[in-house]
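Novice: structure here, sequence nowhere to be found:
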């Protein structure tokens, strides 16, 4: 690829339209989350924490305050304040481990699950309708692209660290 086929940021010409769409999708996703989080009196960090706890559980991993703080890049005091806020709001449970009473396990409550469903069902429904319009092969390609794009985003974040 020649320099004429790249812009001054090193972006190939043929990648630019898709990168702009991804940027617009990110902006619209953020606007959606900001609107709903205000309506439901949840901070963006609250939503990120609940999502992280769910992801830990879905992967069969222990959701602990330390792991949560690490995944959200929060200090220990900030993680404690976040968990206190979510606990007071009835969105999480903290339970001592039966094997090691010093360790605390986190889980979401039925209230958090219901709130999440109420908040994100419209988005899931609309995007689900879009996804359903693609063939199995097209969805496989999109899944591959999204997985690789997420990996590239993580790599860019790590480059900046």
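Specialist: On my side now, so go ahead. As the structure is a computational prediction, the values presented were derived from the model and not from experiment.
Novice: next one: residue 14 from residue 60, what distance?
Specialist: 40 Å (Cβ to Cβ, to the nearest Å). The C-beta positions use only the backbone N, C-alpha and C, and glycine is treated the same way.
Novice: which one of the two is surrounded by more residues?
Specialist: Counted by other Cβ atoms under 10 Å, residue 14 and residue 60 do not tie: residue 14 has more neighbours, with 9 against 6.
Novice: so how far is residue 113 from that one?
Specialist: To residue 113, residue 14 is 42 Å away according to Cβ to Cβ.
Novice: and what of residue 33?
Specialist: Distance from residue 33 to residue 113, by Cβ to Cβ: 17 Å.
Novice: between the two, who's got more neighbours?
Specialist: Using other Cβ under 10 Å, the more surrounded residue of residue 33 and residue 113 is residue 33, with 17 against 13.
Novice: got the buried residues for the strand or helix carrying residue 120?
Specialist: Here residue 120 sits within helix 110-132, counting by DSSP states H and E. Residues 112, 115-116, 119-120 are the ones in helix 110-132 that count as buried (16 or more other Cβ atoms under 10 Å).
Novice: and that helix, what does it pack against?
Specialist: With contacts defined as 3 or more Cβ pairs under 8 Å, 6 or more residues apart in numbering; DSSP states H and E, the packing partners of helix 110-132 are helix 16-39.
Novice: so the helix it packs on versus helix 110-132, what angle?
Specialist: Interaxial angle, helix 16-39 versus helix 110-132 (axes from the mean of the first three to the mean of the last three Cα atoms, to 10 degrees): 150 degrees.
Novice: hmm, who's touching helix 16-39?
Specialist: Identification of contacts with helix 16-39 by Cβ atoms under 8 Å, 6 or more residues apart in numbering yields 7, 11, 43-44, 46-47, 119-120, 123, 149.
Novice: are any of these buried, and which?
Specialist: Buried by 16+ other Cβ under 10 Å: 46-47, 119-120, out of these.
Novice: just the residues you listed now: which is nearest residue 129?
Specialist: Checking the buried ones among the contacts of helix 16-39 against residue 129 by Cβ to Cβ gives residue 120 as the nearest, at 14.6 Å.
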